[in-house]
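S.K.: Turn this into a model:
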Amino acid sequence: MSVAKTILLLVLSNVFMTFAWYAHLRNSASKPLIVAIVLSWGIAFFEYALQVPANRIGYGALTLPQLKIIQEVISLSVFVPFGILYMKEPISWNYAYAGLCLAGAVYFIFKS
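M.R.: Numbers count the residues shown, from 1 in each chain. Down below sits the predicted model:
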């Protein structure tokens, strides 16, 4: 149960993180940098409000390296749809190749 809760919190955290880090790039010329920084910090607060409890809940049920690899897989899983749907980035085979590399990372970090 703690692993499922950790994953849910990490997914939500990553949605906020992705928007905080990258959404301002969509219209970067229309607003001053300081506005982007302040807005990103405001969004990032919610990322941290979810990320910190996720790591505390997950640590123990998962090792630290397992927690980090799960975080990276979730990060890419959130980033790819964000890039394609929100930022209108073209999809390429590189997304699939990166996913395969992460699948390998998951395999090796969970292999006993």
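
S.K.: Which residues are in contact with the residue nearest the centre of the chain?
M.R.: For the chain, the residue nearest the mean C-alpha position is residue 75 (2.7 Å; CA atoms, centre = their mean). Residue 75 makes contact with 14, 17, 18, according to CB atoms under 8 Å, 6 or more residues apart in numbering. Bear in mind the C-beta positions are built from the backbone N, C-alpha and C, glycine included.

S.K.: Give me the three-state assignment for it.
M.R.: The three-state label given to residue 75 by DSSP: H, G, I helix; E, B strand; the rest coil is helix.

S.K.: Give me the mean pLDDT for the lengthiest helix in the chain.
M.R.: For the chain, the helix with the greatest residue count under DSSP state H is helix 33-58. Mean per-residue pLDDT for helix 33-58: 95.

S.K.: what do you get for stretch 89-96?
M.R.: Across stretch 89-96, pLDDT averages out at 90.

S.K.: ok, residues contacting it?
M.R.: Outside stretch 89-96, the residues that reach it (CB under 8 Å, 6+ apart) are 80, 83, 84.

S.K.: Write the ChimeraX selection for whichever of the residues you listed are buried.
M.R.: The following ChimeraX command selects only the buried members of the contacts of stretch 89-96, with burial defined by 16 or more other CB atoms under 10 Å:
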select :80,83
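
S.K.: Output the contacts of stretch 89-96 in a markdown table; the columns should cover distance to residue 23.
M.R.: Formatted as a markdown table, the contacts of stretch 89-96 follow (distance: CB to CB, whole Å):
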| residue | distance to residue 23 |
| --- | --- |
| 80 | 15 |
| 83 | 11 |
| 84 | 14 |
